[in-house]
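> Predicted model and sequence below, questions to follow.
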Amino acid sequence: MKKVFNVRVYGIMMNEQRQVLVSDEYIRGGYYTKFPGGGLEFGEGTLQCVVREFQEELGLDVEVVEHIYTTDFFQISAFDDQSQIISIYYLVRPLSTPGFPVLDKPFGFEIPQGAFQVEGARWINWEEFSAEAVTLPIDKVVADLVKVRY
């Protein structure tokens, strides 16, 4: 199998109550808490990608405020051993009032029989937000940066 780079783009969004938005996801039998975002598509810029991902996942239009972090270490994919993950994180803000459904507890959704992926958004209070609140290794680095910077 050919080894490839997998570019991922994520948005960090905080609300007026100083809560951080995360996405709880059931993927291929595993449970992950991560930042909203996803894969860069061929022909797309990273800013376009994060805006598209928020529209697709949350039905929310956002604007990018600033770049937070780009992966600066080797990270193999959590889902295969043939792709190196490069993740880019931006601080984003909503352009309208968020109207997406919000989970009231981690993984507070039902998983239909045979489902490949299920996801839901959840706010984490600033006091409870840390590297331990997210699952993926690069997200943990970013969570620590966010806590120091904001």
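Done, it's in. Residues are numbered from 1 along each chain as shown.
> which one is the residue nearest the centre of the chain nearest to, not counting chain neighbours?
Centroid-nearest residue in the chain: F35, 2.1 Å away (criterion: Cα atoms, centre = their mean). Nearest residue to F35 in three dimensions, chain neighbours excluded: Y10, at 4.1 Å (Cβ to Cβ, 6 or more residues apart in numbering). From N, CA and C alone the C-beta is placed, and that goes for glycine too.
> Share the number of residues neighbouring the one you found, please.
25 (other Cβ atoms under 10 Å).
> what helix or strand does it sit in?
Element membership for Y10, per DSSP states H and E: strand 4-12.
> returning to that earlier point: list the contacts for the residue nearest to F35?
34-38, 50, 53, 87-90, 139, 142 (Cβ atoms under 8 Å, 6 or more residues apart in numbering).
> Just put those in JSON lines and tack on pLDDT, secondary structure and distance to Q117.
Shown next, in JSON lines, are these (pLDDT from 0 to 100; DSSP: H, G, I helix; E, B strand; the rest coil; distance: Cβ to Cβ, whole Å):
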{"residue": "K34", "pLDDT": "97", "secondary structure": "strand", "distance to Q117": "12"}
{"residue": "F35", "pLDDT": "98", "secondary structure": "coil", "distance to Q117": "16"}
{"residue": "P36", "pLDDT": "98", "secondary structure": "coil", "distance to Q117": "14"}
{"residue": "G37", "pLDDT": "97", "secondary structure": "strand", "distance to Q117": "14"}
{"residue": "G38", "pLDDT": "96", "secondary structure": "strand", "distance to Q117": "11"}
{"residue": "V50", "pLDDT": "98", "secondary structure": "helix", "distance to Q117": "19"}
{"residue": "E53", "pLDDT": "97", "secondary structure": "helix", "distance to Q117": "14"}
{"residue": "S87", "pLDDT": "98", "secondary structure": "strand", "distance to Q117": "19"}
{"residue": "I88", "pLDDT": "98", "secondary structure": "strand", "distance to Q117": "22"}
{"residue": "Y89", "pLDDT": "98", "secondary structure": "strand", "distance to Q117": "21"}
{"residue": "Y90", "pLDDT": "98", "secondary structure": "strand", "distance to Q117": "23"}
{"residue": "D139", "pLDDT": "98", "secondary structure": "helix", "distance to Q117": "17"}
{"residue": "V142", "pLDDT": "98", "secondary structure": "helix", "distance to Q117": "22"}
